[in-house]
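Next one to model:
(2 chains)
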Amino acid sequence: MRLVLDHVNTRRPFWSLEAYGIFETGIHLVSGDVGSGKSTLALVMAGLHAPTSGAVIRDGIGSALISFQFPEFHVTGLSVAEECASWGLEPGIVIRQAGIDVLSETPVLSLSRGELKRLHLACILSKDCDLLLLDEPFSSLDCPAKEEVCRQISRRAGGITVIFTHEQGIFPEIDHLWEITGGSLVDCGRMPDGLRHWQHAPPLVRLLLETGRIPASLTPKGLQEAACRTRD
Amino acid sequence: MQDPRLRLACVLLLSLAAFASIVGAIAVFLWWLAFTARQKSIRHVRALAAAFLLFILIAVVMILSGSDGLSYLVRMTAILLVGAWVYADSQPGDFLATGVWMGGKKTGFELGMTAEMAMGMAEGLFCDFSRIRIASIQKGVVWGPRSLLPAGRVLICDALRRADETAEILAVRGYRGGGTVCTRFAVTVPGIIATLCAVAAFIVAIFPRW
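So this is what the prediction gives:
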């Protein structure tokens, strides 16, 4: 199973994005500055936005889901229960998984942005799909919620998961690093070697690299392990 | 047309002309052919097509109930084209500048600012609507007229929330009402000719009623 971006080019007035790469099974992190084209690339990879040139080739991918930055866009039910049911899920289980203190009959649009985001991510991460595209999954979340979402993402078995984010603190178990820089998608490489080429690396990761302590993973545990490691 | 004041005058005159009679609607259509970029003046083709379908539906209902549905369809289509043109031709700041010019620093500024915010929000609505549609389809929802209700609910709630936040931000920044905008309007010969023709279309539209 793989997704190939075959010399994809997306152009708009005063803005363009070039992308070439192969996304194989695993968890991919695409980082980039605000406005660099992460959301556009997510739409292109989901097949929802036609590139100006090039092609998106899906090899062995049967189902795909995209999660937008703003969870409101996904709402189709009136209550929390209806919203969970619209995903074909049991409300009680989803509410527990989301870790939010709401009743099933609570109007879904009365939830705070953070609660709605957690509910939406619990729903979408409960679904099985070959390709899961998460556009800024950590926005509107506090640190414990980010960590919980990371655990849920890391637990996803099989399939291709692509996280588009400018998050700098908390990450799931990433397999492959990418970044958008200078209007192009750059393949930094697999973890942990890819960290050496990662221009958008968070300050802590950069510090660890400078001191020769390369983290094996980007999870809080992986970073902690690297930070506590005795230098050779 | 660069002068927003002339554009506003044209919209008012052409809308009234199209609404007044079939002759007016035809005159408006000719004006649209002569003074706009035609197809390029339509920024959101799908939204325009949806509105057009709605007008067809209403026209059919009118015809079935014995009213003049065809006249309604022709007149509303002309108004729709004018609306699409002014939406595509407008630049950020046009409503604010025109509002202050017409109504002064207090009422004019506030009306202009409100219109400016509404236009900004309208632009975002198309993008939001597209994403809601995608999100619904991936849930297995068959997109149709029944899907518009939940989509509309999300859009309205979001628009109200944004409006509330904007109002709070303005209050926090110390806004109490009114303001100053110094705009230089670019009056051009083609703009004046288009406006005079819009006046002519209006006169033609109301002439048969005398």
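
What parts of chain A come near chain B?
Chain A has residues A:46, A:48, A:64-66, A:68, A:70, A:72-77, A:86-87, A:109 near chain B, with proximity defined as Cβ under 8 Å from any Cβ of the partner chain. (Glycine included, C-beta is placed from N, CA and C.)

what about B:Leu6, distance to B:Val204?
Applying Cβ to Cβ, to the nearest Å, one obtains 19 Å for the distance of B:Leu6 from B:Val204.

Please identify which of those two sits among more neighbours.
Each of B:Leu6 and B:Val204 had its neighbours counted (other Cβ atoms under 10 Å in any protein chain shown), and the higher figure belongs to B:Leu6 (22 against 18).

Give the full set of residues in contact with that one.
Contacts here follow Cβ atoms under 8 Å, 6 or more residues apart in numbering or on different chains; on that basis B:Leu6 touches B:187, B:191-192, B:194-195.

between those residues, which is nearest A:Gly194?
The shortest distance between A:Gly194 and any of the contacts of B:Leu6, using Cβ to Cβ, involves B:Gly191 and amounts to 57.0 Å.

Let me see the residues that make contact with the helix or strand the closest one falls within.
The secondary structure element spanning B:Gly191 is helix B:189-206 (assigned by DSSP states H and E). Applying Cβ under 8 Å, 6+ apart, the set of residues contacting helix B:189-206 from outside is B:1-3, B:6, B:9-10, B:13-14, B:16-18, B:20-21, B:23-25, B:27-28, B:30-31, B:34-35.

Now do stretch B:110-130, average pLDDT.
In this model, stretch B:110-130 has an average pLDDT of 87.

just the buried members of the contacts of helix B:189-206?
By the neighbour-count criterion of 16 or more other Cβ atoms under 10 Å in any protein chain shown, the contacts of helix B:189-206 include these buried positions: B:1, B:3, B:6, B:9-10, B:13-14, B:16-18, B:20-21, B:23-25, B:27-28, B:31, B:35.

what's the angle from the helix or strand encompassing B:Arg5 to helix B:189-206?
Secondary structure here is read from DSSP H and E; on that basis B:Arg5 sits in helix B:4-20. Using axes from the mean of the first three to the mean of the last three Cα atoms, to 10 degrees, the inter-axis angle of helix B:4-20 relative to helix B:189-206 is 20 degrees.

Quick check: mean pLDDT of helix B:4-20?
Taken as a whole, helix B:4-20 has a mean pLDDT of 94.

chain center to it: distance?
11 Å (Cα atoms, centre = their mean, to the nearest Å).

Let's see that helix as PDB, backbone CA atoms only.
Coordinates of the C-alpha atoms in helix B:4-20 are reproduced here as PDB (Å, rounded to 0.1, in the frame of the first residue of the first chain):
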ATOM      1  CA  PRO B   4     -17.300  51.700  -6.200                       C
ATOM      2  CA  ARG B   5     -19.900  54.600  -6.100                       C
ATOM      3  CA  LEU B   6     -20.700  54.100  -9.800                       C
ATOM      4  CA  ARG B   7     -20.800  50.300  -9.300                       C
ATOM      5  CA  LEU B   8     -23.300  50.700  -6.500                       C
ATOM      6  CA  ALA B   9     -25.400  53.100  -8.600                       C
ATOM      7  CA  CYS B  10     -25.300  50.600 -11.500                       C
ATOM      8  CA  VAL B  11     -26.300  47.700  -9.200                       C
ATOM      9  CA  LEU B  12     -29.300  49.700  -7.800                       C
ATOM     10  CA  LEU B  13     -30.500  50.900 -11.300                       C
ATOM     11  CA  LEU B  14     -30.000  47.500 -13.000                       C
ATOM     12  CA  SER B  15     -31.700  45.600 -10.200                       C
ATOM     13  CA  LEU B  16     -34.700  47.900 -10.300                       C
ATOM     14  CA  ALA B  17     -34.700  47.700 -14.100                       C
ATOM     15  CA  ALA B  18     -34.600  43.900 -14.100                       C
ATOM     16  CA  PHE B  19     -37.300  43.700 -11.400                       C
ATOM     17  CA  ALA B  20     -39.600  46.200 -13.100                       C
END
